[in-house]
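# Let me see the structure of the following:
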Amino acid sequence: MTASEFEKTEVPTDGADEDGSLKGSLGTGGVLFAVLAYNGPLSVVMGFVPVIIFSGGLGSPALFVMGGILLTLFAVGFLAMGRHMKNPGAFYSYATAGLGRPAGVAASFIALFSYYVTLLGSLAYAGLSLPSLVHDTLYGPQMDWWVAALIYAGLLAVLGYFSIELSSKVLGVLLAGELGIILLLNLFVGANVGPSNFDYYVFTPSEWGASSIGLALLFVMLCFGGFEATAVFREEVKDPDRTIPRATYLTIVVIVTMFAISTWMFINGFGASNGFGVDKVVEAAGADPFGATTANVSTYMGAVAVDAVTILLCTSIFASTLACHNIISRYLYNLGVDSVIPHHLGKVHARHGSPHVASIVVSVATISAIAILALVSADPATLYSTLIGVAGYAILILLFVTSVAIIVYLNRHRAHGMGFGTRVVAPGLAVVGLFVSVYLATKNMGLLVGSETRGNLLIALVALIAVAGVGVALYCRAKKPEAYQSIGRQ
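Numbers count the residues shown, from 1 in each chain. Here you go, the predicted model:
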């Protein structure tokens, strides 16, 4: 039995269609919404931007530009290789094609771990934000954090079961609200402070000398998380060879522009509103990150805007968790199709064209984890910082491994007609930049998650997950040769 025959006979499709692939007609906007929603723009502006300023100093706006350049270099090879990658497994399929099946399964396991802990961390954040909205803004009853997390998880379970178009429409509406408030805040700050009073030196190299610049760069790279999602939805995109490149580059442009400008506006706006120069903004941002941003909103837009931001922050978190849920479901779907894990996870819903079984599994795993964390009285703030930290670290490792796989693959298939710049220069520079990012992340992991011991344990956990992935691949090679041959199918 060949690998292709194995796929057709072993992977049930619920009658969706003959090839059992996922169905959808997402355009550039739909894919863009999914990636931006995963990033949670308002969450970044309210919580991450002040922390980045505290770590990276006044030169922080330029760090987003650096991150954008690095990911653009990565995207050149990523998209060139993507034209020949029909499997929508992203990190999984790229690592398999470039570095072999064991590396591919290891990459898929790390990706699953990363997105799953991101989902749990974001739900912990929802457990902080939604109760505050209900009690402090809407004057409702007190709410335990895990109740809010379960409410979100229940909504994710419903939306994740149906067609990707439904999720895309929900993400579009929610994203429009948070992008709108970010734009308005920046416009209000700009109009009140005035262009002549802005500090333009934040974009010069002389401002990049902060002692914690490495940690700031790590936080910046975390803001680009979910970058690979443009490839994860390949089967559900119309004209993927055109849509995915457009969405990928547009994602980079939007993220860099939005976060660089928002950081710049925060520096100048907060300094002006408090009557001191920009030099003191760094210290103030570190003292109370969320409060500093809220103060900016209150000063330049009024108390009503603060309430609006509080509401939109909750919807921003929900949009991020929905995007994350969908990405995890599609990783499980791909591994199920390849029979690396139980092949029933590769089922496609007959009507909705969605990975409904995989989505149900994600929902059960999410709700179970929340219940366990509630029983042990876990602190949502600690959960959020720890889980998001290790998730970002894992994603950086995956980006680095994938960039190596891209170089290997593109130079192995020179017949595709790609030039030296596409095959070597751009992905090579990405490898160097991502290696530095991984090094900085490893060095600063303790600072990121709040404990050196915890940081070392989490680094070891990521390594163990990679080893487990290799072990599963080798088991398949020894005991399930048909499944092994189908890993990372193309």
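
# what does the helix or strand residue 365 falls within contact?
In the assignment (DSSP states H and E), residue 365 maps to helix 356-375. Contact partners of helix 356-375, identified using C-beta atoms under 8 Å, 6 or more residues apart in numbering, comprise 14, 116, 119-120, 123-124, 144, 146, 149-150, 153-154, 156-157, 160-161, 325-326, 328-330, 332-333, 336, 344-349, 383. In this view, the C-beta of every residue, glycine as well, is placed from N, C-alpha and C.

# List the buried residues of it.
356-359, 361-363, 365-367, 369-370, 373-374 (16 or more other C-beta atoms under 10 Å).

# Output it as PDB, nothing but the C-alphas.
Output of helix 356-375 as PDB, limited to C-alpha atoms (Å, rounded to 0.1, in the frame of the first residue of the first chain):
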ATOM      1  CA  HIS A 356     -14.800  19.200  14.100                       C
ATOM      2  CA  VAL A 357     -13.400  16.200  15.900                       C
ATOM      3  CA  ALA A 358     -10.100  18.000  16.500                       C
ATOM      4  CA  SER A 359     -12.000  21.000  17.700                       C
ATOM      5  CA  ILE A 360     -14.000  19.000  20.200                       C
ATOM      6  CA  VAL A 361     -10.700  17.500  21.500                       C
ATOM      7  CA  VAL A 362      -9.200  20.900  22.000                       C
ATOM      8  CA  SER A 363     -12.300  22.100  23.800                       C
ATOM      9  CA  VAL A 364     -12.300  19.100  26.200                       C
ATOM     10  CA  ALA A 365      -8.600  19.500  26.900                       C
ATOM     11  CA  THR A 366      -9.100  23.300  27.500                       C
ATOM     12  CA  ILE A 367     -12.000  22.900  29.900                       C
ATOM     13  CA  SER A 368     -10.300  20.100  31.700                       C
ATOM     14  CA  ALA A 369      -7.200  22.200  32.300                       C
ATOM     15  CA  ILE A 370      -9.200  25.100  33.600                       C
ATOM     16  CA  ALA A 371     -11.000  22.800  36.000                       C
ATOM     17  CA  ILE A 372      -7.700  21.400  37.300                       C
ATOM     18  CA  LEU A 373      -6.200  24.900  37.700                       C
ATOM     19  CA  ALA A 374      -9.300  26.000  39.600                       C
ATOM     20  CA  LEU A 375      -9.100  23.100  41.900                       C
END
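
# Quick check: buried residues in the helix or strand following that helix?
Following helix 356-375 in sequence order, the next helix or strand is helix 380-412 (DSSP H and E). Neighbour-count burial for helix 380-412 flags 380, 383-410 (criterion: 16+ other C-beta under 10 Å).

# Does helix 380-412 pack against any helices or strands, and if so which?
Secondary-structure packing of helix 380-412 (3 or more C-beta pairs under 8 Å, 6 or more residues apart in numbering; DSSP states H and E): helix 60-82, helix 91-99, helix 101-132, helix 213-222, helix 426-443, helix 445-449, helix 452-479.

# mind running it again at 7 Å?
Identification of packing neighbours for helix 380-412 by 3 or more C-beta pairs under 7 Å, 6 or more residues apart in numbering; DSSP states H and E yields helix 60-82, helix 91-99, helix 101-132, helix 426-443, helix 445-449, helix 452-479.

# most tightly surrounded among those helices?
For the helices and strands packed on helix 380-412, the largest average neighbour count (mean count of other C-beta atoms under 10 Å) is found in helix 91-99, namely a mean of 27.

# now the angle between helix 60-82 and that one, please.
Relative orientation of helix 91-99 versus helix 60-82 (axes from the mean of the first three to the mean of the last three C-alpha atoms, to 10 degrees): 70 degrees.

# got the angle for helix 91-99 vs helix 101-132?
Using the same axes, to 10 degrees: helix 91-99 against helix 101-132 is 160 degrees.

# Now tell me what touches helix 91-99 from outside.
81, 85, 87, 103-104, 107-108, 111, 228, 331, 334, 398, 401-402, 404-406, 408-409, 487-488, 490 (C-beta atoms under 7 Å, 6 or more residues apart in numbering).
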